[in-house]
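*Asks:* I need the structure of the sequence given here:
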Amino acid sequence: MKYAGFWRRSAALFVDVMALGALGEILGQILLVAFGGETERGIYAWGVGHVVVHSFSWLYFALMESSNFHATLGKLFFDIRVVSLDGEVMTFKHAVVRNLCKYISALPLFFGFFMAGFTSKKQALHDIISKSLVIDKPGHQIKFD
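*Replies:* Sure, this is the predicted structure:
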């Protein structure tokens, strides 16, 4: 297995965050119009749309990483996959644990995410806690790191 490095993982996360942001904006705009346009109620509804999407972002990550893709849209774009330590497909429960552990990785100052640049298996803190790896798609050789 070839481990996916920090920069490819970061770029994949950026793609995912942008996709979730776009989804939040679409839902927010629909709610804005449905609740009266640019009134106080409409603007509140727009914000609720964003909060709903971002509150369930962990579900997007867990569903995608435990699916047949083994990756989110960003990871698919950069040809990287998430697997268990033994290289097996992650279960939904395992993927949920991994993604909820990202909140721990974010404290303090996203230090747990930066660990992926320094550990031997290029694991972030949430990967270590959840016993998972982010690897290159089998048979794929890309030079980004």
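*Asks:* contacting residues for the most centrally placed residue in the chain?
*Replies:* For the chain, residue 61 is the residue whose C-alpha lies nearest the centre (C-alpha atoms, centre = their mean; 4.9 Å). Residues near residue 61 by C-beta atoms under 8 Å, 6 or more residues apart in numbering: 16, 72, 95, 99, 102. C-betas here are computed from N, CA, C, even on glycine.
*Asks:* and which of those residues is nearest to residue 29?
*Replies:* For the contacts of residue 61, the residue nearest residue 29 by C-beta to C-beta is residue 16; the value is 20.5 Å.
*Asks:* grab the nearest non-local neighbour of the closest one.
*Replies:* In space, residue 16 comes closest to residue 74 once its chain neighbours are excluded; the distance is 4.0 Å by C-beta to C-beta, 6 or more residues apart in numbering.
*Asks:* what of residue 19?
*Replies:* residue 73 (5.6 Å).
*Asks:* any idea how many residues pack against the one you found?
*Replies:* Residues lying near residue 73 (other C-beta atoms under 10 Å) number 15.
*Asks:* now swap in residue 88 and tell me
*Replies:* Counted with other C-beta under 10 Å, residue 88 comes out at 10.
*Asks:* that one and residue 2, how far apart?
*Replies:* Counting by C-beta to C-beta, to the nearest Å, the gap from residue 88 to residue 2 is 17 Å.
*Asks:* do the same with residue 21
*Replies:* Computed as C-beta to C-beta, the residue 21 to residue 2 distance reads 30 Å.
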